[in-house]
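J.: Requesting a structural model of the entry that follows:
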Amino acid sequence: MSEPQALVAGTWLGIERRWLTLIAVCGATFMLLVDITIVQVALPTIEHRLHASFSDLQWVIDAYALAMSTLILVWGSSADRFGRKRVFVFGLGLFTLASLLCGVATNAPMLIWSRALQGIGGAALFATGLALIGQEFHGRERGKAIAAWGATVGGAVAVGPLIGGALTSGFGWRSIFFVNVPIGILTGWLAVTWMTNVSDSGTARLDLPGLATFSSSMFLLVFGLIRASADGWTSATILTLFAAAAVLMALFIFAELHQEHPLLDLSLFRKPSFTGVSIGTFALGAGMFALLPYITFYLQNDLGYSPLQGGLRLLPCTLLCFVVPLALHSVAERLSPRLGLAIGLGITGVGLAAMTVVTTKSSWTALIPGLLLTGLGIGIANPMVAKIALGVVAPARSGMASGINNTFRIGGVATGVAALGAIFQQKVTTSLASNLGHPAPQLAKVVASAGIRAAVAAGSSTPGIAVAAHGAFLSGFRLILVIGAALVILGAIAGAALVRGSDFANRTPAAPAQEPAVAVPQK
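T.: Now for the predicted structure:
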């Protein structure tokens with residue numbers, strides 16, 4: 001039989017097996033994406049409770065994103081070889097265990113390493129999610145499944161700040177990690193019981209040279225970006241890190257061009273559509289999602305809201321991320337993928353630009369127009385990204401396509417958080433020095449990581465410290481909003497220029513290699 005759903009049938013509570021697979025994929029996707037937004041709301045509390053530095057807070061986000069971005073390709077290729085169900089279940093178990101370790105962390109380094117372990121498991125989930133949808137759904141049903149997945153992505157963004165704020169305010173920051181354990185167990189049961197293990201019989205051994213060069217290059221790049229503010233952008237250490245990252249990336253490309261079965265099939269980029277959606281996905285991660293921690297810092301550290309109050313004020317954006325993919329599904333089906341991607345990214349970029357109107361006299365309401373536009377844009381763009389990434393490759397390579405697409409998404413978040421954080425801290429430092437009339441590098445670090453009240457406490461003898469700190473924070477915040485807007489708009493231009501209908505593959509699925517049919521529980 002050619003269609004995976006025809007090989008193993010069954011229902012549970014009247015729900016067909018392929019829809020149970022979708023529920024498991026969406027549950028896992030929800031959990032791993034919530035763990036980005038839910039943590040962002042808790043960062044100020046973690047900074048206080050664990051006495052973490054600004055660099056530590058960046059690593060709490062980036063250890064997770066970096067581990068995901070460097071290993072998604074590996075898990076995608078492994079899924080094509082060993083079966084998507086096996087990789088998905090392994091990743092889910094590892095993610096759940098790592099969440100427990102995060103919850104019991106007693107210091108910043110332990111939390112950071114546990115977050116990295118979460119990222120390893122999350123990479124397996126992200127790499128296989130779209131591929132599992134691709135193997136189960138075809139034709140018009142695929143559009144519905146992708147819309148549900150897109151709504152899940154938006155829903156994770158929507159409720160993450162609220163859940164994070166409520167848990168942090170009511171039960172402490174550790175609860176934001178403990179909540180993953182029951183979700184992981186339930187999703188794991190669905191996956192083990194109802195998923196089908198489909199693989200690609202033509203996939204060979206893992207590409208170890210590709211893995212080593214790519215992961216090393218990404219780590220050195222992000223490490224250099226995070227350390228740049230402290231060591232200086234032109235210091236020998238930072239320049240060496242950037243040079244080594246560039247050399248390793250060149251070696252990675254060389255290795256992939258000479259591998260019979262590469263980790264990243266560079267021939268996919270011969271299709272302009274795949275290149276366009278990859279650029280757009282990276283821009284969305286680096287320009288929009290990487291900015292969410294800094295919007296949180298503005299609401300909590302600068303304006304003084306609690307985690308729950310800050311999460312509630314993100315609703316104009318986050319709620320639309322969930323509602324739009326569902327509400328506009330029929331409209332999106334009639335749009336060309338190129339137009340949908342460009343419109344979604346373009347609206348997101350305009351929304352980020354609209355937030356730059358904040359001044360020292362603004363309240364949070366100044367953000368509302370920008371939050372509404374970014375929520376609308378993300379809600380349009382997310383399903384289009386998935387539709388294009390799966391649509392321009394053959395079904396047997398959907399694991400790699402899903403892996404590459406999500407590598408660009410999470411890689412964008414990792415590099416964006418690091419780069420924007422370095423730029424933000426540098427701008428705060430120079431602006432504070434200008435406002436005070438003298439350099440104050442240590443005070444600038446306090447302003448960047450903990451806000452005005454902490455700055456006032458640290459520099460209580462300095463005249464006008466509150467006004468100077470507020471102005472410095474906003475100068476850095478506006479700068480990174482401008483940069484983020486520019487990145488996302490460039491992604492929209494790339495999507496409009498490169499995505500085209502002729503690149504979409506014939507989606508008639510080939511017979512997949514599959515483990516022997518097993519008895520599936522019936523209703």
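J.: Check which helix or strand the nearest residue to Val499 once chain neighbours are set aside maps to.
T.: Ranked by C-beta to C-beta, 6 or more residues apart in numbering and with sequence neighbours excluded, the top spatial neighbour of Val499 is Arg338, at 3.9 Å. From N, CA and C alone the C-beta is placed, and that goes for glycine too. Assignment of secondary structure by DSSP states H and E places Arg338 within helix 337-354.
J.: coming back round to it: tell me if I'm right that the residue nearest to Val499 and Phe504 touch.
T.: No. When contacts are counted by C-beta atoms under 8 Å, Arg338 is not listed as touching Phe504 (10.8 Å).
J.: neighbour count winner among the two?
T.: Remark: of Arg338 and Phe504, Arg338 carries more neighbours, 21 against 17, as counted by other C-beta atoms under 10 Å.
J.: what about the closest residue to Ala124 other than its chain neighbours, distance to Phe126?
T.: Spatial nearest neighbour of Ala124, excluding adjacent residues (C-beta to C-beta, 6+ apart): Gly91 at 2.4 Å. Distance, Gly91 to Phe126, by C-beta to C-beta, to the nearest Å: 8 Å.
J.: and what of Asn301?
T.: Between Asn301 and Phe126 the distance is 30 Å, computed by C-beta to C-beta.
J.: between the two, who's got more neighbours?
T.: Phe126 (28 against 24).
J.: Spit out the contact partners of Ala98.
T.: Applying C-beta atoms under 8 Å, 6 or more residues apart in numbering to Ala98 gives the contacts Ser114, Arg115, Leu117, Gln118, Ile120, Gly121.
J.: And the host helix or strand of it, what's buried?
T.: If you go by DSSP H and E, Ala98 is part of helix 84-103. Within helix 84-103, the residues that qualify as buried by neighbour count (16 or more other C-beta atoms under 10 Å) are 84-99, 101-103.
J.: Count the residues that sit near the closest residue in space to Val417 that isn't next to it in sequence.
T.: Residue nearest to Val417 in three dimensions, not counting chain neighbours: Ala290, with 4.6 Å by C-beta to C-beta, 6+ apart. The number of residues packed around Ala290, counting by other C-beta under 10 Å, is 27.
J.: Can you give me every residue that contacts Ala290?
T.: Counting by C-beta under 8 Å, 6+ apart, Ala290 touches Gly412, Val413, Thr415, Gly416, Val417, Ala419, Leu420, Gly484.
J.: Does Val392 touch Lys271 like I think?
T.: Yes. Here Val392 reaches Lys271: they are 5.4 Å apart, a contact under C-beta under 8 Å.
J.: Which of those two has more residues huddled nearby?
T.: In terms of neighbours (other C-beta under 10 Å), Val392 is the more surrounded of Val392 and Lys271; the figures are 24 against 19.
J.: what sits against the most centrally placed residue in the chain?
T.: What sits nearest the mean C-alpha location of the chain, by C-alpha atoms, centre = their mean, is Ile410, with 4.3 Å. Taking C-beta under 8 Å, 6+ apart, we find Ile410 in contact with Ala65, Met68, Ser69, Ile72, Ala123, Phe126, Gly285.
J.: Could I get the average pLDDT for the longest helix along the chain?
T.: The longest helix of the chain (DSSP state H) is helix 398-436. This predicted structure assigns helix 398-436 an average pLDDT of 81.
J.: How far away from the center of its chain is that helix?
T.: Averaging C-alpha coordinates over helix 398-436 and over its chain gives two centres that are 11 Å apart (C-alpha atoms, centre = their mean, to the nearest Å).
J.: okay, Trp113: pLDDT?
T.: Model confidence at Trp113, expressed as pLDDT, equals 94.
J.: which residues touch it?
T.: Contacts of Trp113 were listed using C-beta under 8 Å, 6+ apart, and they are Ala63.
J.: re the thing from before, what touches both of Val392 and Lys271?
T.: Common contact partners of Val392 and Lys271 (C-beta under 8 Å, 6+ apart): Asp503.
J.: Would you mind giving the domain segments of the chain?
T.: Dividing the chain into domains by automatic domain parsing, as the record does, gives the ranges 11-199+263-504, 208-262.
J.: which of those sits most buried?
T.: Of all the domains of the chain, domain 11-199+263-504 has the most neighbours on average by mean count of other C-beta atoms under 10 Å, namely a mean of 22.
J.: about what we covered before: want to throw the contacts of Ile410 into CSV with pLDDT and secondary structure?
T.: Rendered in CSV, the data for these read as follows (pLDDT from 0 to 100; DSSP: H, G, I helix; E, B strand; the rest coil):
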residue, pLDDT, secondary structure
Ala65, 78, helix
Met68, 81, helix
Ser69, 77, helix
Ile72, 79, helix
Ala123, 86, helix
Phe126, 79, helix
Gly285, 89, helix
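J.: so which pair among the residues you listed is furthest apart in space?
T.: Put simply, by C-beta to C-beta the two of the contacts of Ile410 set farthest apart are Ala123 and Gly285, 14.3 Å from each other.
J.: And the helix or strand in which Glu141 is found, what does it pack against?
T.: Secondary structure from DSSP H and E places Glu141 in helix 140-171. Using 3 or more C-beta pairs under 8 Å, 6 or more residues apart in numbering; DSSP states H and E as the contact criterion, the elements in contact with helix 140-171 are helix 17-49, helix 108-136, helix 175-178, helix 307-313, helix 315-327, helix 329-334, helix 368-391.
J.: Of those, which shows the lowest average pLDDT?
T.: helix 329-334 (a mean of 71).
J.: Dump the C-alpha coordinates for that helix into CSV.
T.: As requested, the backbone C-alpha atoms of helix 329-334 are provided in CSV (Å, rounded to 0.1, in the frame of the first residue of the first chain):
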residue,chain,number,x,y,z
HIS,A,329,-7.9,29.0,6.7
SER,A,330,-10.3,29.1,3.7
VAL,A,331,-8.9,32.4,2.5
ALA,A,332,-5.3,31.1,2.9
GLU,A,333,-6.2,28.1,0.8
ARG,A,334,-7.1,30.4,-2.1
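J.: So which residues make contact with that helix?
T.: With C-beta under 8 Å, 6+ apart, helix 329-334 has contacts from Gly143, Lys144, Ala147, Pro325, Gly340, Ile380, Pro383, Met384.
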